[in-house]
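Trainee: A structural model of the following input is requested.
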Amino acid sequence: MLKREYKNTGDQISVLGLGCMRLPKVEGSETIDRAEAQKIVDLAYERGVNYFDTAYRYHEGDSELFIGEALKKYPRESFHLATKMPMWMVNSPEDVKRIFEDQLSRCQVEYFDFYLCHAMNATYLETMKKHGVYEYLKEEKKAGRIRYLGFSFHDSPEVLRQIVEYGEWDFAQIQLNYLDWELQNAKSQYEILTEHGIPVVVMEPVRGGALASLCEESDRILKEARPDHSIASWAVRYVASLPNVMTVLSGMSTLQQVEDNTATMIGFEPLTDKDRETIAAALEAYRKNKTIPCTGCRYCMDCPFGVDIPGVFKAYNTFAIGGGKDRMRNEIAAFGEGHGPDECKSCGKCMKLCPQKIQIPDRMKEIAELLAQK
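Mentor: Reported below is the predicted structural model:
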């Protein structure tokens, strides 16, 4: 497994990290299927993955509990555990302390290797200032209960600069992949962090699975260039080839994904100029399709009116890349009555939570109208 030393500390971080937001679930719930998820953790660990990323609200709070159980059998110094302060749940200084203590208990550890302020943006920067979040976490770092302090980010490059300049950060986590390099200002964000000497943790390298299979023409271009490589491996290699990337998180939900991603990093080949040209050609073909940039993060859920927002968008995107309207209609019908796009009341609750800034009510209206057509 390819590893990179963190800031001359001697800490060797696997360039592939296991993101614990998309673990196998018990059917019909966000509860993690312990047996299947344990197999994923064990295989990843066996193949050299030593960075595990969770958060307070992943799997509706079950992710931290599971990863604490799953990693308990391994020597504590053999892995790096990362979790996050849910900034949207902070309404007082007491909340910060309570949540942090709860996380240590859930994860069954005495310290976190990497700790982040979750989903930072302009609003949560004000929350941080108002409730002393940064100051409290710096004290926990001094006490040894946090080794490295950082933040994950969803906003503009201008806001990123404000956050970077607010404190002394050890690392930052951003959404970075070859589709978002220009689309979501990922290039600018990466350059700002590099300029300030802040190592990057990559989230959404395969964009919630969208870059594991783009569209028929794009997939053909990538497969012809490297027949023995998976479509997803192109996305993983793209971000791992960037010099300021510390680790690349992948939310692996099957053993096959673990095998594929670890194989990519064990036999890592940085992108060549020809590879970059191939990706550019695949992107050009993909952009002809009008897909919705949803990553399936589920921050928008639960909808007060029952709409399965990420499910609807996933079904629509399958249609957009050539899956057919009947297939989209059947996939949405499978959610059950009361969960389709026509249930959207444009309340706007989801809009405040979407990291991708998708105009969700507008898109739901468009999809509902599309489904109503014969």
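Trainee: Could you look up the SS state of residue 52?
Mentor: Using DSSP: H, G, I helix; E, B strand; the rest coil, the structure places residue 52 in strand.
Trainee: from what I can see it touches residue 67, true?
Mentor: Yes. With contact defined as Cβ atoms under 8 Å, residue 52 reaches residue 67; the gap is 5.9 Å. Yep, even glycine has a C-beta here, placed from its N, CA and C like the rest.
Trainee: who's more crowded, those two?
Mentor: residue 67 (29 against 25; other Cβ atoms under 10 Å).
Trainee: if we can go back for a sec, shared neighbours of residue 52 and residue 67, anything?
Mentor: 20, 41, 81 (Cβ atoms under 8 Å, 6 or more residues apart in numbering).
Trainee: Please produce JSON lines containing those, extended by neighbour count.
Mentor: JSON lines is the format used below for these (neighbours: other Cβ atoms under 10 Å):
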{"residue": "20", "neighbour count": "28"}
{"residue": "41", "neighbour count": "24"}
{"residue": "81", "neighbour count": "23"}
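Trainee: Identify, from those, the entry nearest to residue 6.
Mentor: Using Cβ to Cβ, residue 81 is the member of the shared contacts of residue 52 and residue 67 that lies nearest residue 6, at 14.1 Å.
Trainee: OK, contacts around the closest one?
Mentor: 52, 54, 67, 71, 107, 109, 112, 113, 114.
Trainee: before we move on, the earlier item: can you tell me which of the shared contacts of residue 52 and residue 67 end up in strands?
Mentor: Counting by DSSP state E, these place residue 81 in strands.
Trainee: Residue 283 touches residue 179, doesn't it?
Mentor: Yes. The criterion here is Cβ under 8 Å, and residue 283 meets it with residue 179 at 6.8 Å.
Trainee: what about the two, which has more around it?
Mentor: residue 179 (24 against 18).
Trainee: Please tell me I have it right and the more buried one contacts residue 211.
Mentor: Yes. Judged on Cβ under 8 Å, residue 179 makes contact with residue 211 at a distance of 6.4 Å.
Trainee: how about the helix or strand bottoming out on mean pLDDT in the chain: buried residues?
Mentor: Lowest mean confidence among the helices and strands of the chain (mean pLDDT, DSSP states H and E): helix 180-183, at a mean of 84. Residues of helix 180-183 classed as buried: 180, 181 (neighbour count, 16 or more other Cβ atoms under 10 Å).
Trainee: got it, and stretch 205-219?
Mentor: 205-215, 217-219.
Trainee: Ok, stretch 35-47 next?
Mentor: 37, 38, 39, 40, 41, 43, 44, 45, 47.
Trainee: give me the element the first one is part of.
Mentor: Spelled out, it's residue 37. helix 34-46 (DSSP states H and E).
Trainee: host element of residue 116?
Mentor: Counting by DSSP H and E, residue 116 is part of strand 112-120.
Trainee: Give the other helices and strands that that strand contacts.
Mentor: The contact analysis (3 or more Cβ pairs under 8 Å, 6 or more residues apart in numbering; DSSP states H and E) places strand 112-120 against strand 80-86, helix 122-131, helix 133-142, strand 146-153.
Trainee: let's see it at 7 Å
Mentor: strand 80-86, strand 146-153 (3 or more Cβ pairs under 7 Å, 6 or more residues apart in numbering; DSSP states H and E).
Trainee: Pull the residues that contact it.
Mentor: 55, 80-87, 128, 133, 137, 146-154, 163, 171, 173, 355 (Cβ atoms under 7 Å, 6 or more residues apart in numbering).
Trainee: Just the buried subset of these, please.
Mentor: Buried among the contacts of strand 112-120 by 16+ other Cβ under 10 Å: 55, 80-87, 128, 133, 137, 146-154, 163, 171, 173, 355.
Trainee: Mind listing what's buried along stretch 45-65?
Mentor: 45, 47-59, 62-65.
Trainee: Ends of it, what's the gap?
Mentor: 18 Å (Cα to Cα, to the nearest Å).
Trainee: centre of the chain versus that stretch, how much separation?
Mentor: Here stretch 45-65 is found 12 Å from its chain centre; the criterion is Cα atoms, centre = their mean, to the nearest Å.
Trainee: Now do it, average pLDDT.
Mentor: What stretch 45-65 shows for mean pLDDT is 98.
Trainee: how near is residue 230 to residue 331?
Mentor: As judged by Cβ to Cβ, to the nearest Å, residue 230 and residue 331 stand 24 Å apart.
Trainee: List the buried residues in stretch 305-314.
Mentor: 307, 308, 309, 310, 311, 312, 313, 314.
Trainee: I meant to write stretch 314-331 there.
Mentor: For stretch 314-331, by 16+ other Cβ under 10 Å, it's 314, 315, 316, 317, 318, 319, 321, 328, 331.
Trainee: Not counting residues beside it along the chain, what's closest to residue 42?
Mentor: residue 70 (8.0 Å; Cβ to Cβ, 6 or more residues apart in numbering).
Trainee: tally of neighbours for that neighbour?
Mentor: With other Cβ under 10 Å as criterion, residue 70 counts 22.
Trainee: right, and it touches residue 38 too?
Mentor: Yes. With contacts counted by Cβ atoms under 7 Å, residue 70 reaches residue 38, the gap being 5.5 Å.
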